[in-house]
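**Q** I would like to see how this sequence folds:
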Amino acid sequence: MKHEIDATNESLGRLASRIALILRGKNDPKFQPYKLAGEKVVIQNVEKVRLTGRKMEQKKYYHYSGYPGGLKEKKVKEVFQKNPQEVLRRAVLGMLPKNRLRREMIKHLVFK
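**A** Numbers count the residues shown, from 1 in each chain. This next block holds a predicted model:
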């Protein structure tokens, strides 16, 4: 099954939790936590998603290279200007369970 969601004027967190619920398969009465739901989610107008408060200036994403002094940080504003899809993808990824199925679930998130 395929779900199409328009992200225009939607709050980032609320949208991400709705997407995570569908990707996980919890909206299906036959939900089983160890199986992949197999439902695709197509997102349109990602660049029009809304971040509340001062998250654009204050929220940061961190990446550690593994070397001493290798902690990198980027503001959400920089990432959003370069690729708004990455901001939503990271939000959804954080809401999915941290197990082997997460990698497969996030592949079903598609952007138009």
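
**Q** Touching, S11 and R50? I think so.
**A** Yes: using C-beta atoms under 8 Å, S11 is in contact with R50, at 5.6 Å. Where C-beta positions appear, they are placed from N, C-alpha and C, glycine not excepted.

**Q** residues in contact with R50?
**A** Neighbouring residues of R50 by C-beta atoms under 8 Å, 6 or more residues apart in numbering: N9, E10, S11, L12.

**Q** burial count for the residue nearest to the second one when sequence neighbours are not counted?
**A** Ranked by C-beta to C-beta, 6 or more residues apart in numbering and with sequence neighbours excluded, the top spatial neighbour of E10 is V49, at 5.7 Å. When neighbours are counted by other C-beta atoms under 10 Å, V49 registers 21.

**Q** what's the distance between V49 and R24?
**A** The gap separating V49 from R24 is 20 Å, by C-beta to C-beta, to the nearest Å.

**Q** just L93 next, same as before
**A** 12 Å.

**Q** Counting neighbours, go ahead and name the busier of those two.
**A** Neighbour count, other C-beta under 10 Å: between L93 and R24, R24 has more, with 20 against 16.

**Q** Let's see the pLDDT reported for the residue nearest to E10.
**A** We have a pLDDT of 97 for V49.
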